[in-house]
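Visitor: Model the following, please.
(2 chains)
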Amino acid sequence: MEVSRHDIVLVGGGGAGLRAAIAAVEADPKLTVACVSKLYPMRSHTVSAEGGAAGVARDDDNLDLHAYDTLKGSDFLADQDCVEVFVEAAPKELVQLEHWGCPWSREKDGRVSVRAFGGMTTKRTWYATDKTGFHMLHALFQTSLKYDRIVRYDEYFATKILVENGRAVGVAAFDMRTGKMHAMLGRSVILCTGGAGRIFPFTTNAAVKTGDGMALAYRAGVGLKDMEFVQYHPTGLPGTGILITEASRGEGGYLKNNKGERFLIEYDYGVGGKAELGPRDMVSRAEMREFQAGRGFKGPYGDYVHLELMHLGEEKIDKKIPFVRELAKNYVGIDPVFEPIPVRPVVHYMMGGVDTDVNGATELPGLFAAGEAACVSINGANRLGSNSLTECLVFGARSGRAAAAFARGSSTGDEKNALDQARSEEARLDRLRGKHGGEKIAQIRRELNLATEAGCGVFREEESMRAGLDTVVQLKGRYADVGLSDRSLIFNTEVVQALELGNMLDVAETVVLSAVNRRESRGAHTRTDFPSRNDGEFWKHSLVKFAADGPRLTYKPVVKTRWELEERKY
Amino acid sequence: MAETKLYKIEVLRFRPETDKEPVFETYEVPCMDDWVVLDALNAIKDDIDPTLSHRWSCRMGVCGSCGMLVNGRPVLTCAAFVRNYTGTIRVEPLSNFPIVRDLVVDLESFIDKIKSVKPWIIRKIEKDLSEGEYRQSPAQLEEFKQYSMCINCALCYAACPVLASDPDFVGPAAIALGHRYNLDSRDEGNAERFETLNAHDGVYACSFANECSQVCPKHVDPAMAIQQAKLNDFLQWAKILPKKSFT
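Guide: As a prediction, the model looks like this:
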C-alpha cells in the first residue's frame, strides 16, 4: 500500500471539484490538494451540461428575484438562507470564470450574453452557445494546471473515507492503472463526485454518475438529504436519453403533441403563460399526462412529444444551439432545422445528496461536499435549469475555502487507525478481484434500474414504491454473492463496476425509502395517492442515515428567512 | 424495438500480466441498428466477456473518453454507428500511445503536452472581479472560438504521422490550445508560450499532413492552428528581438 500526504484530499474533478481545488490553494499559499478522480477531470460529467449558468447580470434583474424564482422552483423546500448566499455569490463566480477564459457568448458591445430559462422570471442564464458545461469545465481544468499545489491523481477510484477520532482524515483510493491501494491522508476531505442518475435506466447522465461520493459519505455516517427528489428533464432523446438542452425552449422552441397542439398552453398544467419555459418537473408531468391521454407519438422506445425548432431558422439554431443540431442529427437522424425532435422525460439530476451546511461542511468534522453530490439545499424539491452549474462554482469555492480553513486549524494526528482502515480496504479490493459468486454485475444493475424506474418515476404511488424498496433490499442481498472473472491488477474495470454497483444500491435504497415515506406531492416528487403538497406534515428535509441493520429515516427543518410559503402556480 | 443484427466485433486485447503481445479476439454481438460501436463494446463487457477494458463516459461525443481505432481510423466509438460498417468491425486502441491494457492507452504524455502550452489566461495585471467581465466582441470571440472546441480525445495524436516517428512533438491538440489562448483578446501570454510552441518539437515539426484536422470529431482545425502559430511565432520573434537588443 502507498501512502500520500496532502492538506486536503478532494474526490472528484468536475466543475465543483476543480473550483474547490483552486479556491483552496488560493486561500492558503502553502497548502496542497490531492485531486482524486476516477476519470481525467475534463471528462467529468459537467462537460455534458449545455444550456447555461444562472446569475443576475442585467439592470432589469435583482438578487431577490433570482432567490424567489429558485425558492418557488424548489416548491419552497430549499433553505432560504442558503439560496440568499447562492444568488449573491453567483454573478461574481461567473465573472471569475470569464476572467479564467471561459468563452461566454457575447453581445455586440462585448458584454456577456444571457438567455431565458425555465422558471426564471427574466434572462439571467450565462451561456457559451449550448456547450456551457464543456467550456466551463475546460476553463477550470486548464486554469487548475497553473497550480502545482493541485496534485492530480487521475484515474484513482476512492473506496472509503478514512476516519480518525471522529474526523475525516483522507480516503482509501486505488490507482486503476496498477491496482495499488493508496492511503490518501489529509486534514480535510471534500467530495465533489456528482450525482447518481445511473441508478435509473433512462438518464441523461454519463456512465460515471454512480453516486460514489454519496455512498462513501453515507457509510461514514453522514446523512443523505432529500434523496426522493429526482429531476426528470422534459427533453431527452428516446432510447439513448441524450439531453436536448432547455436552451432550445429558452431560445423559443415549442413542445407539441400528436395533434400539433402546444399542450402546455392548450391544457392547464400549472405553468400558465410560461408555457415551454415552465419548470422541469411541471413540463415533465405535462408530457406524461399527454401520453396518458393518448396525445403522444408512438416510437420504439415508448411515447414521445415533438420539440419544434423549425420556426427559429437555421441561422439562430446554428448560432445559439448548434450542439442540439449536432446531437439530433447524429443520434436520431433528424435535422431540427427541417423536422421536430422526438423528446420525452428523462432522469437528469439528483436534488438530494450529502447533507451539508452553507459552507459545504457535513456533520462529520473535516468532511465537506459540493456540487450535485451535495444537498445544501438550494434546489429543494425541484432545481431550476442553469442553477446547477452555478451551484458547482459557488459551493465548490465555499467548500474549498472552508476545507482549507479546517485543514489549517487541525493537526495531522495519529495515522494508525486511518492506515489500518486503508489496509482493510486493500484486502477488500484483493478479495473482490476474481471473486467467486453466482450473481452477475450487469444483471443486478439491470434489475436495479427496473426497480427504480417502476418505483420512482415521474408519478409515484405507495404500492410500486414499496415493491421497489423490497427489490432494492433483495438486490443488496444478491450483490453479496456477485461473481467477478477479472483477476488483473491493471485497469480492471470490472472491479470498478462492482464497486460502483455497490454504491448505486446504497444510494437507490435511500431514494426509494425517502420517497415512500413522503406522503405528499412536492416538486419532482409527485404521488398519485397524495396529490397535494402538505406543508403541515412535510415541510421538512428527509435525512437517511446508515445503520448496520438498514437505513434510518429522520427529518430536519427547512430554514426560512424572508419568503412566505405560497401555492406554486405560474 | 429496433432491429437486431449479429455483428462480428474484432477487438485487440492486451493483458500485460499474461500476454506477450496484443492479440485480436472476435466476439459475435447482437446489435440493434441504432447502436454505436461503444454499445457493442459494453454488450461484450456486460454479457460476453467482463474482462474487456475500455474507457467511456458521456456517450454523447463531448467527454473525449472513448476514442479508439475502428477499422483503422481514429473515431469516438460513441459516435460510430455499427450500421455504417460492413463485415467485421475491428476495434483497436489509439495508435501512437503505449497500450496500458486492451483498449486503454497511456495518455500521460498527452496531458503533459496540454499543460506545456500554458493553457490559461496570462495577464500582466488582472482585473478585479468587482470591475466585471473583460469586454470581448463577438468578432474577437470568433477569432479563437473553434480552437476552444477541442475535447482532448487525442484522435489527432493517433492520426498524426509526425508523432509516429517523433513522440516528443507537442502535437495538434496542444498547439491548437496554446494558439487558442494566444488569440484570446483577454490574454497577454503570447511570449510565455513562445518557448514551447516554437521549440524544436513545436510547430516546425509539423509536416502539414492535415490528418489531425481530418479526424477531429469537433471540426477543430489544428492543422490551421499550427500554420497560424508559425506566423505568430515569426511576428513574436520580430517584436521581441528589437526589444531585447535595446536592453
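
Visitor: Output the below-cut-off pLDDT ranges for chain B.
Guide: B:1-2, B:236-237, B:239-247 (pLDDT under 70).

Visitor: residue ranges for the helices of it, please.
Guide: Assigned by DSSP state H, chain B shows helices spanning B:37-43, B:108-116, B:138-145, B:155-159, B:161-165, B:172-183, B:190-197, B:211-215, B:222-246.

Visitor: Residue 45 - nearest residue in space that isn't next to it in sequence?
Guide: Went with chain A since none was named. Leaving aside its chain neighbours, A:His45 sits nearest to A:Ala206 (4.4 Å; criterion: CB to CB, 6 or more residues apart in numbering or on different chains). In short, each C-beta sits where N, CA and C put it, glycine included.

Visitor: was after chain B, sorry
Guide: B:Leu52 (5.1 Å).

Visitor: Next one: the nearest residue to A:Lys38 once chain neighbours are set aside from A:Glu246, what distance?
Guide: Spatial nearest neighbour of A:Lys38, chain neighbours left out: A:Phe157 (4.8 Å); criterion: CB to CB, 6+ apart. Relative to A:Glu246, A:Phe157 is positioned 32 Å away (criterion: CB to CB, to the nearest Å).

Visitor: which parts of the stretch 351-500 of chain A sit against chain B?
Guide: For the stretch 351-500 of chain A, the contact set with chain B under CB under 8 Å from any CB of the partner chain comprises A:441-442, A:484-486, A:488-494.

Visitor: Repeat the analysis, applying 6 Å as the threshold.
Guide: A:442, A:485-486, A:488, A:490-491, A:493-494 (CB under 6 Å from any CB of the partner chain).

Visitor: Grab the two from these that are most spread out in space.
Guide: A:Ala442 and A:Ile490 (21.6 Å; CB to CB).

Visitor: Those two - which one has more neighbours?
Guide: Legend: neighbour count by other CB atoms under 10 Å in any protein chain shown for A:Ala442 and A:Ile490, higher for A:Ile490 (19 against 15).

Visitor: For that one, give its distance to B:Leu103.
Guide: A:Ile490 is 13 Å from B:Leu103, where distance means CB to CB.

Visitor: And for A:Met504?
Guide: Taken as CB to CB, the span from A:Met504 to B:Leu103 is 24 Å.

Visitor: before we move on, what about A:Phe76?
Guide: From A:Phe76 to B:Leu103 the distance is 49 Å (CB to CB).

Visitor: Between those two, tell me which one has more neighbours.
Guide: When A:Phe76 and B:Leu103 are compared for neighbours, B:Leu103 comes out ahead with 26 against 23, by other CB under 10 Å.

Visitor: ok, the closest residue to the more buried one other than its chain neighbours - how many residues close by?
Guide: What sits nearest to B:Leu103 in space, not counting adjacent residues and going by CB to CB, 6+ apart, is B:His54, at 4.1 Å. Here the number of neighbours of B:His54 (other CB under 10 Å) works out to 22.

Visitor: Also the one 4 residues further on?
Guide: Other residues lying near B:Cys58 total 27 when counted by other CB under 10 Å.

Visitor: so where do the helices sit in the stretch 351-500 of chain A?
Guide: Secondary structure of the stretch 351-500 of chain A (DSSP state H, counting those that start in this stretch): helices at A:387-408, A:416-432, A:441-455, A:462-479, A:493-517.

Visitor: Kindly report the same for the stretch 151-300 of chain A.
Guide: Using DSSP H, counting those that start in this stretch, helices in the stretch 151-300 of chain A cover A:212-219, A:247-250, A:263-266, A:280-292.

Visitor: Next, count neighbours for A:Ser411.
Guide: When neighbours are counted by other CB under 10 Å, A:Ser411 comes out with 6.

Visitor: Flag every residue of chain B that's near chain A.
Guide: B:1-2, B:16-17, B:46, B:50-51, B:53, B:56-58, B:60, B:62-65, B:79, B:100-101, B:104, B:115, B:119-121, B:129, B:132-133, B:135-138, B:141, B:148, B:152.

Visitor: In strands, which of those appear?
Guide: Filtering these for membership in strands, criterion DSSP state E, returns B:100-101, B:104.

Visitor: Of those - the most surrounded one?
Guide: B:Arg101 (27 neighbours).
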